[in-house]
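Student: Give me coordinates for this.
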Amino acid sequence: MCKLFDDWKKEIREYCENNGLSFEAAEKLSQSWNKTTIVLYHCESQNSDSGLLNDEPSPMVLLIRREKNGRLTFEQTEHTDKYLKKVS
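Tutor: Down below sits the predicted model:
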């Protein structure tokens, strides 16, 4: 897990709770990051015999950015509900 996710954990949890998303599911998603941004994305498990023939981009689920003013901004995608929506 990236250090930024750990550093921003409280704010990410709060965003998830306020928007009906599962923080626990968000923690388990794959992550990419740089100094100011975290991308959460879903990786499909690969069949060991498929090699690169079935290589498809992993869908981006949630984009999290630290703005210049210090606040985090969150951008949901068309995949957010599928992978993070809490089931009642």
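Student: In this protein, where is pLDDT below threshold?
Tutor: 1-2, 45-55, 88 (pLDDT under 70).
Student: Run through the strands of it in chain order.
Tutor: Taking DSSP state E to define them, one finds strands in the chain at 30-33, 37-41, 60-66, 72-76.
Student: Which of the residues in the last one are classified as buried?
Tutor: By neighbour count, and taking 16 or more other Cβ atoms under 10 Å as the criterion, the buried residues in strand 72-76 are Phe74. All C-beta atoms are positioned from the backbone trio N, CA, C, and that covers glycine.
Student: now swap in the third one and tell me
Tutor: Neighbour-count burial for strand 60-66, counted by 16+ other Cβ under 10 Å, picks out 60-64, 66.
Student: Partner strands of that strand, with direction?
Tutor: strand 37-41 (antiparallel), strand 72-76 (antiparallel) (DSSP bridges).
Student: Tabulate those (CSV), appending distance to Val87.
Tutor: Below are the strands paired with strand 60-66 laid out as CSV (distance: least, Cβ to Cβ, whole Å):
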stretch, distance to Val87
strand 37-41, 18
strand 72-76, 17
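Student: how about those strands, which one is nearest Glu11?
Tutor: For these, distance to Glu11 was read as Cβ to Cβ. The smallest value, 5.0 Å, belongs to strand 72-76.
Student: just how off-centre is that closest one within its chain?
Tutor: Centre-to-centre, strand 72-76 and its host chain are 10 Å apart (Cα atoms, centre = their mean, to the nearest Å).
Student: Stretch 10-19 too?
Tutor: Worked out by Cα atoms, centre = their mean, stretch 10-19 lies 12 Å from the chain centre.
Student: Tell me the buried residues in it?
Tutor: Buried-residue list, stretch 10-19, by 16+ other Cβ under 10 Å: 12, 15-16.
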